[in-house]
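> The sequence and its predicted three-dimensional model are supplied below.
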Amino acid sequence: MTADPAASDRRVVRAGSADHGSLEGDGWTEVARSWAAELDARDLDRDRLAHLVARATAQPALRIRELTASPTDAAAVLGLDRATADDYPGDVATAHEPLAEDEPIVSERRRAWGAFEGDLLVALTVLDIDGTDPNAGPVETGFTVVRRGHRGRGLGSAVKAASVLALSAEGHRRFRTGGAAENTASLRANAAVGYRVDEEWVTLRPPAPGPADSADSAERA
């Protein structure tokens with residue numbers, strides 16, 4: 001993914017907040033919107049989540065499982081990450097940092113569930129866990145992605161449903177996720193699992209410098 005040299009000037013603020021109004025009043029322009037959502041395990045419809053998983057795994061050669069720290073799983077995750085590096089919509093608020101080959105893919109605090117078609121990893125969700133105490137904090141979705149050519153088959157909602165079913169069974173009660181407002185497929189997938197949007201954010205860029213500012217910058221360069 002090509003870095004945007006102006007991305008460091010962006011500001012991400014809560015939609016409708018005082019900061020939002022102030023920045024727009026100063027000429028800042030909205031370039032993207034994003035959202036955050038929460039799921040409370042006490043409200044889970046486990047039958048529906050099980051149905052999402054079963055519907056996906058009814059497809060030929062498709063299976064869903066938790067990923068391990070094995071070299072085979074790590075290679076599968078890195079391969080999918082590279083293949084989808086440019087597929088994350090939005091701006092800095094929803095940017096995805098490519099995975100590093102020298103860091104563990106999964107650990108005690110980072111869990112992942114994937115959908116495999118044969119030996120090919122076609123969908124993945126990665127979640128970060130705040131410590132070993134299920135009540136310590138929410139389980140945060142790191143990212144969820146589906147390989148091109150395999151989208152529209154319910155695989156994103158299926159891997160998310162599998163992860164929530166497994167982690168809620170371990171005692172985790174709060175789950176959070178988010179994404180770009182323009183990614184309607186992600187919004188639908190999360191709603192199917194039971195996430196409810198409770199925050200909206202805007203990404204703003206500053207006004208372009210005027211002639212005086214440009215001359216001043218050039219003079220100091």
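Structure received. Numbering: from 1, shown residues only.

> Quick one: low-confidence residue ranges for this protein.
Low-confidence regions of the chain, defined by pLDDT under 70, span residues 1-8, 131-136, 210-221.

> Which residue ranges of it form helices?
Ranges of helices in the chain, per DSSP state H, are 18-25, 46-57, 71-83, 155-169, 184-193, 211-220.

> how about TSV for the ones you listed, with mean neighbour count and distance to A123 added?
From N, CA and C alone the C-beta is placed, and that goes for glycine too. TSV is the format used below for the helices of the chain (neighbours: other C-beta atoms under 10 Å; distance: least, C-beta to C-beta, whole Å):
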stretch	mean neighbour count	distance to A123
helix 18-25	13	34
helix 46-57	16	8
helix 71-83	16	8
helix 155-169	24	4
helix 184-193	19	10
helix 211-220	9	46
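
> Ok, which of those helices comes nearest E117?
Comparison of these against E117 by C-beta to C-beta identifies helix 155-169 as nearest, at 9.1 Å.

> For the closest one, list the C-alpha coordinates in CSV.
Only the C-alpha atoms of helix 155-169 are listed here, as CSV (Å, rounded to 0.1, in the frame of the first residue of the first chain):
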residue,chain,number,x,y,z
LEU,A,155,-17.2,-15.9,5.0
GLY,A,156,-16.5,-12.7,6.9
SER,A,157,-19.5,-13.1,9.1
ALA,A,158,-18.8,-16.8,9.5
VAL,A,159,-15.2,-16.4,10.9
LYS,A,160,-16.4,-13.6,13.1
ALA,A,161,-19.2,-15.7,14.4
ALA,A,162,-16.9,-18.6,15.1
SER,A,163,-14.5,-16.4,17.1
VAL,A,164,-17.3,-14.9,19.2
LEU,A,165,-18.8,-18.3,19.9
ALA,A,166,-15.4,-19.7,21.0
LEU,A,167,-14.3,-16.7,23.1
SER,A,168,-17.7,-16.1,24.8
ALA,A,169,-17.6,-19.8,25.8
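
> Many thanks, we can stop here.
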